[in-house]
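1. Quick one, fold the following:
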Amino acid sequence: MITYTDTILKLELKKEIGVEGRNSTVHIAYDPQLDTDLVIKKISKTDFTKVEEYFTEAQMLYFTQHPNIMPVKYASQDEQNVYIAMEFMEKGSLNSLIEERFLTPREIIKISLEFLSGIHFMHAKKLVHFDIKPTNILINNANKAIVTDFGTSKYLNDFGLARPDKLYSLHIPPEKFDFGHFSFFSDIYQAGLTIYRMCNGNKFFIEQLTDLNLKNAEELADAISSNKFPNKKMFLPHIPKELRNIIIKSLSINVENRYQSVLEMMNDLAKLENKLDWGYNETTNTHSIVSYKTENHISEVTILRSELGEWYTEGYKIRLVDGKRTKIHKFFIKNLKTRQEAFEAVFKIL
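-> Here you go, the predicted model:
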């Protein structure tokens, strides 16, 4: 006969952390027993159909211990809620990072390889995450990307399939609207969409929804399944072709055309070596800059909109020692009709 010891756990729930498409609340909390701040995921017991499911997520986190997966400190409960305690990471989420600034391709590849390593380990355990998105990837104190939030994760059945209870609407894989069979391919799609957002920023991503003028979930489903969302032809100008191609493959509507494993996707990312240090900065809706810095110079391409509504670009090489500017004639392009046309004109020259 198993005898359990009931204990008292004290927590001071402090700041609530906002997350995308949440089905729980997440707080920074002070634990007086450990005398430290932790991240506490608070889940209502009404979310579970069976008592034995209370600690499933915590058990999954514990079972999949890996440098790129969030470690669980402990799990507990009271009458109304289940609590999962995890390390507090001051750098925050990947979502916070891409809200703050645009990333270079080199940074995107580094972060992608790190969080994909965690997902690859999960898949080796026959576990599918089902909720890969920028808010569920954290940057730890060693500046490494780690995967968190196993609330929707499922183990594959004997047929190599699994069905999630919930999916975040903007990251729903297209197979949801086809035959409804989910597997590792769903994580590959969501990982590709996460990298797409790293490349382009959240504003660029959300603007597409506005442009499509989607009115309800059914129209969003149609846009995803008909390959209209996300727009795989739209990228910021500093993203190299090889990286675009990896993302496009991972976002294929047909699972047979996607990467067949996370490891295969990682191998292609690791091979990228050209044009990885160009950066992008958007100052206004009519003015953005693509730049590349060396030890002695900055190459800078400015994308602008004229008062008449036409787009044009200018390019200069700026010497760091004295600020001397020299024209880069190939980047002086006029009479461009749209911002995206200007982006692509610069992209073809980089």
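
2. so what's the residue lying closest to residue 327 once chain neighbours are set aside bridging to?
-> Closest residue to residue 327 apart from its sequence neighbours, by Cβ to Cβ, 6 or more residues apart in numbering: residue 316 at 6.1 Å. C-beta coordinates here come from the backbone N, C-alpha and C atoms, glycine included. On the basis of DSSP bridges, residue 316 is bridged to residue 300, residue 327.

3. just the helices in the protein please.
-> In the chain, the helices defined using DSSP state H lie at 56-63, 94-100, 105-124, 184-200, 202-212, 217-225, 241-250, 262-270, 339-349.

4. buried sites along the lowest-mean-pLDDT helix or strand in the chain?
-> Sorted by mean pLDDT, DSSP states H and E, the helices and strands of the chain end with helix 56-63, the least confident at a mean of 83. Buried residues in helix 56-63, defined by neighbour count with 16 or more other Cβ atoms under 10 Å: 56, 57, 58, 60, 61.

5. what's the answer for stretch 284-297, then?
-> By neighbour count, with 16+ other Cβ under 10 Å as the criterion, the buried positions of stretch 284-297 are 288, 290, 291, 292, 297.

6. and which of those is nearest to residue 199?
-> Of all the buried residues of stretch 284-297, the one with the least separation from residue 199 (Cβ to Cβ) is residue 290, at 13.2 Å.

7. There's contact between the closest one and residue 316 in this structure, I believe.
-> No - in this structure, residue 290 is not within contact of residue 316 by Cβ atoms under 8 Å, at 11.7 Å.

8. Common neighbours of the two, please.
-> For the pair residue 290 and residue 316, residues contacting each of them under the criterion Cβ atoms under 8 Å, 6 or more residues apart in numbering are residue 300.

9. quick check: domain ranges of this protein?
-> As recorded under automatic domain parsing, the domains making up the chain are 12-87, 94-270, 279-349.

10. Output these in a markdown table, with distance to residue 4 appended to each entry.
-> Supplementary listing: the domains of the chain in a markdown table, determined by distance: least, Cβ to Cβ, whole Å:
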| stretch | distance to residue 4 |
| --- | --- |
| domain 12-87 | 12 |
| domain 94-270 | 24 |
| domain 279-349 | 56 |
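
11. Just say which of those domains is most tucked in.
-> Comparing the domains of the chain by mean neighbour count (mean count of other Cβ atoms under 10 Å), domain 94-270 comes out on top with a mean of 18.

12. Tell me the pLDDT of the closest residue to residue 115 other than its chain neighbours.
-> Here the nearest residue to residue 115 in space, its sequence neighbours aside, is residue 145; by Cβ to Cβ, 6+ apart that works out to 4.3 Å. pLDDT, residue 145: 97.

13. How about the contacts made by residue 208?
-> Applying Cβ under 8 Å, 6+ apart, one finds that residue 208 lies in contact with 229, 230, 231, 234.

14. between these, which is nearest residue 95?
-> When the contacts of residue 208 are compared for distance to residue 95 (Cβ to Cβ), residue 230 comes out closest, at 16.1 Å.

15. Hmm, that closest one is touching residue 205, no?
-> Yes - between residue 230 and residue 205 a contact is recorded at 6.7 Å, counting by Cβ under 8 Å.

16. what's the overlap in contacts for those two?
-> The overlap between the contact sets of residue 230 and residue 205 (Cβ under 8 Å, 6+ apart) consists of residue 196.

17. so what pLDDT did the residue nearest to residue 97 when sequence neighbours are not counted get?
-> Excluding the flanking residues, the one nearest residue 97 by Cβ to Cβ, 6+ apart is residue 139, at 6.5 Å. At residue 139, the predicted lDDT confidence score is 95.

18. Now do the same contact list for residue 139.
-> 89, 91, 92, 93, 94, 97, 111, 145, 146.

19. Repeat the analysis, applying 10 Å as the threshold.
-> Taking Cβ atoms under 10 Å, 6 or more residues apart in numbering as the definition of contact, the neighbours of residue 139 are 89-94, 96-97, 111, 114-115, 145-146.

20. what does residue 303 give?
-> By Cβ under 10 Å, 6+ apart, residue 303 lies in contact with 237, 280, 282, 286-290, 311-314, 331, 333, 336, 339, 342-343, 345-346.

21. cool, and residue 313?
-> The neighbours of residue 313, taking Cβ under 10 Å, 6+ apart as the test, are 237, 288, 290, 301-304, 330-334, 336, 342-343, 345-346, 349.

22. ok so, going back, kindly reformat the buried residues of stretch 284-297 as TSV containing distance to residue 82.
-> Converted to TSV, these look like this (distance: Cβ to Cβ, whole Å):
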residue	distance to residue 82
288	46
290	47
291	48
292	49
297	56
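
23. Dump these into TSV; add pLDDT and distance to residue 44 as well.
-> Output for these, formatted as TSV (pLDDT from 0 to 100; distance: Cβ to Cβ, whole Å):
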residue	pLDDT	distance to residue 44
288	95	44
290	95	47
291	96	48
292	94	50
297	95	57
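
24. Tell me the one of those nearest residue 248?
-> Relative to residue 248, the closest of the buried residues of stretch 284-297 is residue 290; by Cβ to Cβ it sits at 21.0 Å.

25. That closest one and residue 314 touch, don't they?
-> No - at 11.1 Å, residue 290 does not count as touching residue 314 under the criterion of Cβ atoms under 10 Å.
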